[in-house]
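In: A predicted structure for the sequence below; I have some questions about it.
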Amino acid sequence: MTDFRDLVDVEDLDPDEEQRLRRVHELLLQAGPPAELPPALTTPGALPSSEVVPFPVKRRPVTALLIAAAVAAAAFGGGYLAGHAKSSGPAEFASARRVQMHPPHAGTALAVLRVASPDSGGNWPMEMTVRGLPEQTQRASYYELWLTRNGKPAAPCGSFRVHGAATTVRLSVPYPLKRFDGWVVTVQTPSGREPGPVVLTT
Amino acid sequence: MATDGELIQRAATGDQNAFEDLYRRYARSVFGLALRRLGDRGRAEDAVQETFASIWRSASSYRPERGPGAPWVYAVARNAIVDRARARSETPAEVPEEPSSEAGPPDRAEQSWVAWRVHRALEELPEREREVIALAYWSGLSQSEVAEFLGVPLGTVKTRTRSALAHLADLLGEELA
């Protein structure tokens, strides 16, 4: 359990203030972690004039069985929602860490990866904005974000396609990030190996 | 900044911006409440949708003289979640032979309300205070590891933690009494 004295230096606190902060500390422990809002619920969607409020995404049971498709859908859906949110007031992404990615050699592409605090289940929400990567030349081509170990792709974090100058996608990974040493983005083609060539790295 | 009650009253007149502000303030808290009660992310998502559909439909029933907006939103959410839980229970639950050691309904309700208030208060904090609280309390990282993760000195983490707790104390005045 998190100990109050590990978190706050109490030496310079007066007793009343210490008691007040300790009570908050207890309430935080009692409340437990807040849930991370799923990308599908990031915005309420457009309201109609009728009394019933439709929401943009309705789950389909089959997606639970198609894990790979769900990961891709989450990435695309997150990017869609993030893009749409910008026009009607974006939902804030509470990032705890910001990482820049650049081409391994020469190039003008750039990505900013923002990592939020993990949720109660150990999922780390991430939001990545990519600029300057070429659009896919084939329908089945895509980019993939990986966590690296010793600089090598080790754990996939999600797939995405780019469109236009900048693409923003939201992803979530369940891995303990401390076990990895960075991220790379690879380009994947239907006939290519996985992981494919690295186009961005930290 | 508009109060919750003002937003509900404006939503009752069809003000979509007010409704979206309410959604931004409460979607995460409603989802958290639903997830704890229902234990399933998909059903919790459905409960969030039903909650805000109910808020939109019944905002005109809110009476500010009866109290602030947060308890009203909480009550709407709780009803939507209970409805969803009932819809799921197709077979009657078995009666346990031994008394359960889990918290009873009054205790659970109290815990849910406290979690609701605390999580709402967290959303009022500046991002850098909120992140340090989340990392310190729920990521399993020590303060030194939090400092390393954020790339800031340990003293900064401690200062932010104390500042965040003080802000939360201000926001949670009634719960501290």
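Out: That came through fine.
In: Report the secondary structure element holding the residue most central in space within chain A.
Out: Closest to where the C-alpha atoms of chain A average out (C-alpha atoms, centre = their mean) is A:Met126, at 1.7 Å. Secondary structure here is read from DSSP states H and E; on that basis A:Met126 sits in strand A:124-131.
In: Am I right that A:Tyr143 is in a strand?
Out: Yes. Secondary structure assignment (DSSP: H, G, I helix; E, B strand; the rest coil) places A:Tyr143 inside a strand.
In: If I follow the layout properly, it ends up in contact with A:Val185?
Out: Yes. Taking C-beta atoms under 8 Å as the definition, A:Tyr143 is a contact partner of A:Val185 at 5.4 Å. For glycine as for every other residue, the C-beta is placed from the backbone atoms N, C-alpha and C.
In: what do these two both touch?
Out: Residues touching both A:Tyr143 and A:Val185 by C-beta atoms under 8 Å, 6 or more residues apart in numbering or on different chains: A:130, A:133, A:199.
In: neighbours of the last one, just the number please.
Out: Neighbours of A:Val199 under the rule other C-beta atoms under 10 Å in any protein chain shown: 21.
In: tell me what the strand or helix carrying it is packed against?
Out: Remark: A:Val199 resides in strand A:198-201, with elements defined by DSSP H and E. Here strand A:198-201 is seen to pack against strand A:182-188 when contacts are counted using 3 or more C-beta pairs under 8 Å, 6 or more residues apart in numbering or on different chains; DSSP states H and E.
In: go again using 10 Å as the cut-off
Out: Contacts defined by 3 or more C-beta pairs under 10 Å, 6 or more residues apart in numbering or on different chains; DSSP states H and E place strand A:198-201 against strand A:95-101, strand A:110-116, strand A:124-131, strand A:142-149, strand A:152-160, strand A:182-188.
In: who's in contact with the helix or strand where B:Arg10 lies?
Out: When elements are defined using DSSP H and E, B:Arg10 is found to belong to helix B:4-12. Residues outside helix B:4-12 that contact it (C-beta atoms under 10 Å, 6 or more residues apart in numbering or on different chains) are A:47, B:1-3, B:15-23, B:25-26, B:52, B:55-73, B:76, B:120.
In: how about that helix: buried residues?
Out: When burial is assessed from 16 or more other C-beta atoms under 10 Å in any protein chain shown, helix B:4-12 yields the following buried residues: B:4-5, B:7-12.
In: Report the two members of those separated by the largest distance.
Out: Farthest apart among the buried residues of helix B:4-12 by C-beta to C-beta are B:Asp4 and B:Ala12. That separation is 12.8 Å.
In: Quick one: low-confidence residue ranges for chain B.
Out: Residue ranges of chain B with pLDDT under 70: B:88-110, B:175-177.
In: what do you get for chain A?
Out: If you take pLDDT under 70 as the line, chain A has these spans: A:1, A:36-40, A:42-43, A:45-92, A:96, A:106-108.
In: and A:Thr167, how far is that from B:Ala166?
Out: Distance of A:Thr167 to B:Ala166, given as C-beta to C-beta, to the nearest Å: 40 Å.
In: Equivalent analysis for B:Phe31, please.
Out: Remark: distance between B:Phe31 and B:Ala166 (C-beta to C-beta) = 27 Å.
In: Give me the more crowded residue out of the two.
Out: Remark: of B:Phe31 and B:Ala166, B:Phe31 carries more neighbours, 24 against 16, as counted by other C-beta under 10 Å.
In: Whether the strand holding A:Met126 contacts chain B - can you check?
Out: Yes. Contact of strand A:124-131 with chain B is found when judged by C-beta under 10 Å from any C-beta of the partner chain, involving A:Trp124.
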